[in-house]
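Engineer: With the input below, show me the fold.
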Amino acid sequence: MQEIVRTNDPVLISAVEALLNGAGIHHLVLDRNMSVIEGSLGILPRRVLVAGEDERRARELLRDAGLGHELRPDAP
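Structural biologist: The predicted structure is shown next:
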């Protein structure tokens, strides 16, 4: 799994999930329930991960949607 987005913005997470779901790209959102620990402050970022074989397509999809600036750097 490769991390493609890390953010505190729940609206961005929803948008990314909708795009990935629409394209049939399986993904995971990690740290979604960390608000239990942080007290709902929203200081711990959520991470969106996709399978390695879907990473290129997912990055292309997000760039095409105007969200390229939100992408994490490519893995080496």
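
Engineer: and the closest residue to Gly68 other than its chain neighbours, what pLDDT?
Structural biologist: Nearest non-adjacent residue to Gly68, counting by CB to CB, 6 or more residues apart in numbering: Leu62, 6.3 Å away. Just so you know, the C-beta spots here come from the backbone N, C-alpha and C atoms, and that holds for glycine as well. If you check Leu62, the pLDDT there is 97.

Engineer: contacting residues around Leu62?
Structural biologist: Taking CB atoms under 8 Å, 6 or more residues apart in numbering, we find Leu62 in contact with Ile4, Val5, Val16, Leu19, Gly68, Glu70, Leu71.

Engineer: which among those residues end up buried?
Structural biologist: Neighbour-count burial (16 or more other CB atoms under 10 Å) applied to these gives Ile4, Val5, Val16, Leu19, Glu70, Leu71.

Engineer: now, which of those lie within helices?
Structural biologist: Filtering these for membership in helices, criterion DSSP state H, returns Val16, Leu19.

Engineer: now, which of the buried ones among the contacts of Leu62 sits nearest Arg56?
Structural biologist: Distance to Arg56, by CB to CB, is smallest for Ile4 among these, at 10.2 Å.

Engineer: my guess is the closest one meets Asp54, correct?
Structural biologist: No - using CB atoms under 8 Å, Ile4 is not in contact with Asp54; the gap is 9.4 Å.
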